[in-house]
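Visitor: how does the following fold in three dimensions:
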Amino acid sequence: MTAPQRILVTAKNGQLGWELKRTQPNNVEAIFLDSKELDITKSDSVFEKIASFKPDLVINAAAYTAVDKAESDSEAAYLVNQKGAENLALACKEFGAKLIHISTDFVFDATKNTPYQPEDKTNPLGVYGASKLAGEQAVVEILDGNASIIRTAWVYSTHGNNFVKTMLRLMAEKDQLGVVADQVGTPTNANNLAKAIWLLSENQSFGKIYHWTDLGTASWYDFAIAIQELGIETGLLDKQIPITPIKASQYPTPAKRPAYSVLDTSLLREDLNISGSHWREALKNMINELKMSAV
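Guide: Model (predicted):
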């Protein structure tokens, strides 16, 4: 009988880290660490942890994700998103571990109107995307065929703060809402993303850049409409309020968001031999779970 794969997961308290922990396969021996237990920005800390646990694989779910704050705090964004990724890659190389590194749709500039392929030209619009791209490049340069990158987008979970939970709260508090309708992407249930990552860890298909979201496309407005419909259907919301589509220009933010960031996920779905689920089905699962936890 072969020994279970040893896997180290960063950012256990984030949405993805939390979902990775609760979807952990039985045949995996995993250690989940938060930023206090493993500060990926400190090279000594990274090397020490990886030397002591001796993982076969590291899953890096840690990131600086404050998109707007990054514009005025670029040093902090690069420290986590580039230097942190580089530290993990160097330690993985030193101790013979593989790495799955999570990245973002923000590495693209949204000038296409067809889904982005993993090999498409990158061109970030802001500091967050640029720092994540720099992290990707460091990982590929250091580990080459011993790392895989998974870009994702619009992530939400029953755990932590996200668009779905914010919308449910605002819909309960307010008489009406305006939601951006001219930014299009695909919502991603972190639970589905976590399951795909575990499958990739078993599949051992390393050396590629992948994309993963749920299926279909939506604007933030479409997403909000679906959240309200499902919230009322499950009883999480007791009233329907008017939701108005607005332009992104009516809701200015320090960081420019991609207008179109749909990711083509076919490569990863083919490599893992899975079909995936539509974003609305995935959203329904999450809202049903929120309802169950509220009972």
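
Visitor: all strands for the protein, in order.
Guide: With strands called from DSSP state E, the chain shows them at 5-9, 28-32, 57-60, 98-104, 147-152, 155-156, 177-180, 184-185, 188-189, 209-211, 218-219, 243-246.

Visitor: CSV please, covering these and showing mean neighbour count and distance to residue 87.
Guide: No exception for glycine: its C-beta is placed from N, CA and C like everyone else's. Output for those, formatted as CSV (neighbours: other Cβ atoms under 10 Å; distance: least, Cβ to Cβ, whole Å):
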stretch, mean neighbour count, distance to residue 87
strand 5-9, 22, 13
strand 28-32, 17, 17
strand 57-60, 26, 10
strand 98-104, 25, 11
strand 147-152, 26, 14
strand 155-156, 24, 23
strand 177-180, 19, 36
strand 184-185, 21, 30
strand 188-189, 26, 26
strand 209-211, 24, 20
strand 218-219, 20, 36
strand 243-246, 15, 41
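
Visitor: flag the shaky bits of the chain, pLDDT-wise.
Guide: Under the criterion pLDDT under 70, the flagged ranges of the chain are 1-4, 295.

Visitor: wait, doesn't residue 38 sit right on residue 46?
Guide: Yes. In this structure residue 38 lies within contact range of residue 46 using Cβ atoms under 8 Å: 6.9 Å.

Visitor: contacts only, for the closest residue to residue 104 other than its chain neighbours.
Guide: Distances taken as Cβ to Cβ, 6 or more residues apart in numbering put residue 132 closest to residue 104, at 4.9 Å, once the chain neighbours are dropped. Neighbouring residues of residue 132 by Cβ atoms under 8 Å, 6 or more residues apart in numbering: 63, 81, 103, 104, 106, 107, 124.

Visitor: out of the residues you listed, grab the one that's most surrounded.
Guide: Counting neighbours by other Cβ atoms under 10 Å, residue 81 leads the contacts of residue 132 with 30 neighbours.

Visitor: residue 56: neighbour count?
Guide: 18.

Visitor: now it: phi and psi?
Guide: Backbone torsions of residue 56, given as degrees, to the nearest 10, read phi -80, psi -30.

Visitor: now it: how far from residue 129?
Guide: 31 Å (Cβ to Cβ, to the nearest Å).

Visitor: for residue 205, same thing?
Guide: Residue 205 is 26 Å from residue 129, by Cβ to Cβ.

Visitor: these two: which is more packed in?
Guide: The residue with more neighbours, out of residue 205 and residue 129, is residue 129; 28 against 15, by other Cβ under 10 Å.

Visitor: which residues does the more buried one contact?
Guide: Applying Cβ under 8 Å, 6+ apart, the residues near residue 129 are 104, 106, 107, 108.
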